[in-house]
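[1] Need coordinates for the below:
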Amino acid sequence: MRAERLGGAMRGVLCVSGAGTEIGKTVTTAAVAACALRTGRSVAVLKPAQTGVGAGEAADVAEVGRLVGENRITGVELARYPDPLAPQTAARRAGIACLPAREIADAAEKLAASHDLVLVEGAGGLLVRFDEEGSTLADVARLLAAPVLVVVQAGLGTLNTAALTAEALRARRVPGAGMVIGSMPAEPGLAERCNVADLPRYAGLPLVGAVPEGAGRLAPEAFRAAAPGWLAPSLGGCALAPETADAP
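    Residues are numbered from 1 along each chain as shown. As a prediction, the model looks like this:
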């Protein structure tokens, strides 16, 4: 069930996690989807738990659809909780049943039976809990034998969170698909430029892309055209390794 590269694009199931929250995970998911679509792959995006939105409000799956074309992907959201909290906490406060990892994995497997690529976008960081048993995206990935793509911040603090996330993956024997900087400033400072070189050293995972800051505000046509230039060939893109800063 794990994602594989065939003909320059991903196939199978790929989980997308953040090394934190609000760091560009959804836009990165859309970029990976856009790269797969341009090579003729069928794509599904699964959001197990959406928090902080009410009924009828557009959320992450809708945003991916907007950027890549609503009729071009299958979007599935399993649960929605109104409070902007971790899914387990938000579900408890709302009096709504939690989602166990097995249910999420079953939904992904069902989508994988009819799609070339299934992107499972987590909620916040890797170890955020979905249910009272402590199920996390890492557990879902392990059930699916799927790799995890880690979206990281560009600036100060990212080395620690990236390293901890990668360590958690290794401890659970979950393969990492690499890291993507989710929002790279147009004019990166010294920290951002140095982090491009340091992130792989700290985390032990390759840096396989950098999505520019504000990419989610692009018109869909512009987003789809630009996305391959942000991601490495391992994700179906054509980007070279980002430039790094010389050590001071």
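[2] Report the contact partners of residue 192.
    Residue 192 makes contacts with 154-155, 184-185, as judged by CB atoms under 8 Å, 6 or more residues apart in numbering. Every residue, glycine included, has its C-beta placed from N, CA and C.
[3] residue contacts, residue 102?
    Residue 102 neighbours (CB under 8 Å, 6+ apart): residue 143.
[4] Show me where this structure has its strands.
    4-6, 9-18, 43-51, 73-81, 117-125, 148-152, 176-184, 207-212 (DSSP state E).
[5] can I get those strands in a markdown table with mean pLDDT?
    Shown next, in a markdown table, are the strands of the chain (pLDDT from 0 to 100):
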| stretch | mean pLDDT |
| --- | --- |
| strand 4-6 | 49 |
| strand 9-18 | 86 |
| strand 43-51 | 96 |
| strand 73-81 | 95 |
| strand 117-125 | 95 |
| strand 148-152 | 98 |
| strand 176-184 | 97 |
| strand 207-212 | 97 |
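[6] May I see these arranged in JSON lines, with mean neighbour count and distance to residue 221 as well?
    Below are the strands of the chain laid out as JSON lines (neighbours: other CB atoms under 10 Å; distance: least, CB to CB, whole Å):
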{"stretch": "strand 4-6", "mean neighbour count": "12", "distance to residue 221": "26"}
{"stretch": "strand 9-18", "mean neighbour count": "25", "distance to residue 221": "20"}
{"stretch": "strand 43-51", "mean neighbour count": "24", "distance to residue 221": "17"}
{"stretch": "strand 73-81", "mean neighbour count": "19", "distance to residue 221": "16"}
{"stretch": "strand 117-125", "mean neighbour count": "26", "distance to residue 221": "21"}
{"stretch": "strand 148-152", "mean neighbour count": "29", "distance to residue 221": "24"}
{"stretch": "strand 176-184", "mean neighbour count": "25", "distance to residue 221": "21"}
{"stretch": "strand 207-212", "mean neighbour count": "24", "distance to residue 221": "16"}
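[7] what would the ones you listed look like in CSV with distance to residue 196?
    Below are the strands of the chain laid out as CSV (distance: least, CB to CB, whole Å):
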stretch, distance to residue 196
strand 4-6, 23
strand 9-18, 18
strand 43-51, 27
strand 73-81, 30
strand 117-125, 21
strand 148-152, 11
strand 176-184, 8
strand 207-212, 7
